[in-house]
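> sequence? don't have it. structure:
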């Protein structure tokens, strides 16, 4: 880990979902450089065993630290559920920011006491989600859906097509019948389909994107560590993928709102990244 203010923020996800968090960090901290790792070779994480996700997350952490990242943002709800505690224990000098489903703000603002939560199976099964529900969802009824296939559609760039709409309607229409007034997005891929979600549920339903809160927490931690970049010039963005770099690069103007360099990395047989 680097303590230099000019060192980058490290961000990783199973694929392109964490770019929703990168986008929020970019808005909150435009002067910071960011290194992003999308593990598109292994997507989706949501259906994988927790132990395997921990192995992937540790290798990616080591890769980003070798690039002198000063803080690591686990921009993946599944990886946060499976690996965040493990990473903090094994890299005690590294500040980590993780994702947790925004059940707390949903519970605080719901009028009907009924909230829909969209997340992956691993997120729902994790201790992190159980802890958030236990602490903050007292008196609130939660309606959950794993939205099978939605991550894969978003990875293809299908943000508004028929199949994406079908998956979301299957999840959301039964929730609307239960009189939910809030939808929590428990996967970093899902903010990219907020316009479609809002079309389906209507403007009266609040949809919570967790990315801005994660960007603010990242800002708080680098401020506290004295590693915020005060240069005033715009930071650089560099992306790495274990998948196809040209596909990711072509989607950046839509997902991120700007272009950036994308390099491919290889997973080695011993679980390291080259």
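Received it, and whenever you're ready, just let me know what you need. On a predicted model such as this, the values are computed, not experimentally measured, just so you know. Numbers count the residues shown, from 1 in each chain.
> least trustworthy helix or strand in this structure by mean pLDDT?
helix 121-125 (a mean of 89; mean pLDDT, DSSP states H and E).
> can you give me the strands in this structure?
If DSSP state E is used as the criterion, the strands of the chain fall at 9-13, 34-38, 71-74, 96-97, 114-119, 141-145, 182-186, 206-208, 237-241, 261-264.
> can I get the ones you listed in JSON lines with mean neighbour count?
From N, CA and C alone the C-beta is placed, and that goes for glycine too. Formatted as JSON lines, the entries for these read as follows, by neighbours: other CB atoms under 10 Å:
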{"stretch": "strand 9-13", "mean neighbour count": "28"}
{"stretch": "strand 34-38", "mean neighbour count": "26"}
{"stretch": "strand 71-74", "mean neighbour count": "27"}
{"stretch": "strand 96-97", "mean neighbour count": "22"}
{"stretch": "strand 114-119", "mean neighbour count": "25"}
{"stretch": "strand 141-145", "mean neighbour count": "18"}
{"stretch": "strand 182-186", "mean neighbour count": "27"}
{"stretch": "strand 206-208", "mean neighbour count": "20"}
{"stretch": "strand 237-241", "mean neighbour count": "21"}
{"stretch": "strand 261-264", "mean neighbour count": "14"}
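> for the ones you listed, which one sits closest to residue 135?
Judged by CB to CB, the one of those that comes nearest to residue 135 is strand 141-145, at 13.1 Å.
> Check the offset of the closest one from the chain's centre.
20 Å (CA atoms, centre = their mean, to the nearest Å).
> just to revisit the earlier point, turn the strands of the chain into CSV, columns for mean pLDDT.
Below are the strands of the chain laid out as CSV (pLDDT from 0 to 100):
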stretch, mean pLDDT
strand 9-13, 98
strand 34-38, 98
strand 71-74, 98
strand 96-97, 98
strand 114-119, 97
strand 141-145, 97
strand 182-186, 97
strand 206-208, 97
strand 237-241, 98
strand 261-264, 96
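> quick one: residue 158 from residue 189, how far?
If you measure residue 158 against residue 189 using CB to CB, to the nearest Å, the figure is 12 Å.
> wait, residue 212
Using CB to CB, one obtains 16 Å as the distance from residue 212 to residue 189.
> So between those two, which is more surrounded?
Neighbours around residue 212 and residue 189, counted as other CB atoms under 10 Å, are more numerous at residue 189. The numbers are 29 against 17.
> Identify the residue nearest the more buried one in space, chain neighbours excluded?
The shortest distance from residue 189 to any non-neighbouring residue, by CB to CB, 6 or more residues apart in numbering, is to residue 17 (3.4 Å).
> Residue 3 reaches residue 70, doesn't it?
Yes - taking contacts as CB atoms under 8 Å, residue 3 lies within contact range of residue 70: 6.5 Å.
> and for those two, which residues touch both?
225, 227 (CB atoms under 8 Å, 6 or more residues apart in numbering).
> which of those two has more neighbours?
The residue with more neighbours, out of residue 3 and residue 70, is residue 70; 25 against 11, by other CB under 10 Å.
> So for that one, what pLDDT did the model give?
Reading off the confidence values, residue 70 has pLDDT 98.
> what about it, distance to residue 95?
Distance from residue 70 to residue 95, counting by CB to CB: 8 Å.
> anything in contact with each of the two?
Between them, residue 70 and residue 95 share the neighbouring residues 222, 225, with contact defined by CB under 8 Å, 6+ apart.
> and the gap between the residue lying closest to residue 234 once chain neighbours are set aside and residue 273?
Taking CB to CB, 6+ apart as the measure, residue 234 lies nearest to residue 30, with 5.6 Å between them; neighbours along the chain are not counted. With the distance defined as CB to CB, residue 30 ends up 28 Å from residue 273.
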